[in-house]
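Visitor: give me coordinates for this.
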Amino acid sequence: MTPNAPLGVLLHAIGGFAAGSFYAPLKKIRVWGWESYWLMMGIAAWLIAPWFAAWLTIPDLGTVLYTSLQTAPFAVAWAVVFGILWGLGNLTFGMSVRYLGMALGYTMALGFCMVFGSLVPPIYYGKWQELVGTPSGQTVLGGIGLCLAGIALCGLAGIRRERELQSDQQQETAGQQFNVRLGFAVAVAAGVLSACFNFGLEAGTSIADIAVQHGTNPIYSTNAVLIAVLLGGFTSNAICCLTLNRKNGSFGDYVRFDRTYVPNCLLAWLGGVLWYLQFFFYGMGARTLGDQYGSASWAIHMAFIVLFSNLWGIVFHEWRGTRNTTRLLVWLGILILIASTVVIGYGKGLA
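Guide: Residues are numbered from 1 along each chain as shown. You can find the predicted model right below:
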């Protein structure tokens, strides 16, 4: 299909909005433990939604998957393996927040995730020269640099916010758990493992090609790959959640049929559908950009996640009570993130 940079960036923006919004319904869940509603969310996000979306958009889905297993078994296997590793990235991401705080933990983990997810695939496939030796690639690299700068400014603003609004009790807790060295190591691990989602999509390119050969519109072909990647992600997350259920004695959440049960299920599933939509639109955006190795798409995706998560923070007055300099930093970071998506989209247009 013919690349379309503006439409590709718009699709990534929709996906980033979904990614930045999926946790809002989960915050309304009552009584259940985190592990219980995370697993319920995952059933919708990583099992039901991928199959339903693929069934809607891929003609003869069964034949596509059977052919993929027969002719491209390694592509399927690697997509699942990278999905499992990405699932582990979710867990180490939580540890980075524990040891570095929310602002610094989010910023460092997403920053490493953006860098590794954007640059490793083209390097692995021997296409590094296209990034550094062409006007298009150089512009994309410049946009990735802007993206990192925007994430860093938002993170700095978040650090200032935590310092300015922290209570004495929170300071005591943060002092007990704050560990820069350990937190930095975990954030690197979280970034690398979370970037495995993009690696899984690239490893499963053969599956998408088979879907196209069977009559699938190329813009939807990534939906076949998502089945494999998210199956791996569900596996690692489910093991973690069930282990925590056993440790915390929270298996009863799944069968506690009180007045909170139906609302909790609906909220968890709504969060799951929103979560899945980020990569539904990510796949469409990458195909529309003509982004074969996901270098530009992954950077844009990370930028929009940080952008919309910070905008939600502003909407919910999370920055109320902070100094003018702190609010200026977050707005400057948001503007730079917006500029980075424009630069990256322009770079893809040059190609």
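
Visitor: and the end-to-end length of stretch 45-61?
Guide: Its start and end residues considered, stretch 45-61 measures 19 Å (CA to CA, to the nearest Å).

Visitor: give me the mean pLDDT for that stretch.
Guide: Taken as a whole, stretch 45-61 has a mean pLDDT of 95.

Visitor: ok now it, how far from the chain's centre?
Guide: Centroid separation for stretch 45-61 versus its chain: 19 Å, with CA atoms, centre = their mean, to the nearest Å.

Visitor: give the buried residues for that stretch.
Guide: For stretch 45-61, a neighbour-count test (16 or more other CB atoms under 10 Å) marks A45, W46, L47, A49, P50, A53, A54, T57, I58, L61 as buried. The way it works is simple: take the backbone N, C-alpha and C, and place the C-beta from them, glycine included.

Visitor: and if you look at stretch 333-340?
Guide: G333, I334, I336, L337, I338, A339, S340.

Visitor: what about the residues you listed, which are in helices?
Guide: G333, I334, I336, L337, I338, A339, S340 (DSSP state H).

Visitor: ok, the first one touching A157?
Guide: Right, the one you point to is G333. Yes - when contacts are counted by CB atoms under 8 Å, G333 is listed as touching A157 (6.3 Å).

Visitor: tell me which helix or strand of the chain sits lowest on mean pLDDT?
Guide: helix 168-177 (a mean of 44; mean pLDDT, DSSP states H and E).

Visitor: distance between the longest helix seen in the chain and the chain's centre?
Guide: The helix that spans the most residues within the chain, counting by DSSP H, is helix 135-165. With CA atoms, centre = their mean as the basis, helix 135-165 stands 17 Å off its chain's centre.

Visitor: ditto for stretch 232-240
Guide: 16 Å.

Visitor: in that stretch, what's buried?
Guide: Buried, per 16+ other CB under 10 Å, within stretch 232-240: G232, G233, F234, S236, N237, A238, C240.

Visitor: between those, which is closest to I210?
Guide: Set against I210, the nearest of the buried residues of stretch 232-240 by CB to CB is G232 (18.8 Å).

Visitor: looking only at pLDDT, what's the mean for the one helix or strand that closest one maps to?
Guide: Secondary structure assignment for G232, by DSSP states H and E: helix 222-248. The average pLDDT within helix 222-248 is 94.

Visitor: return the list of helices and strands in contact with it.
Guide: Secondary-structure packing of helix 222-248 (3 or more CB pairs under 8 Å, 6 or more residues apart in numbering; DSSP states H and E): helix 34-42, helix 49-57, helix 61-71, helix 73-100, helix 180-203, helix 205-213, helix 261-289.

Visitor: nearest to L10, out of those helices?
Guide: Here helix 261-289 is closest among the helices and strands packed on helix 222-248 (CB to CB), at 7.9 Å.
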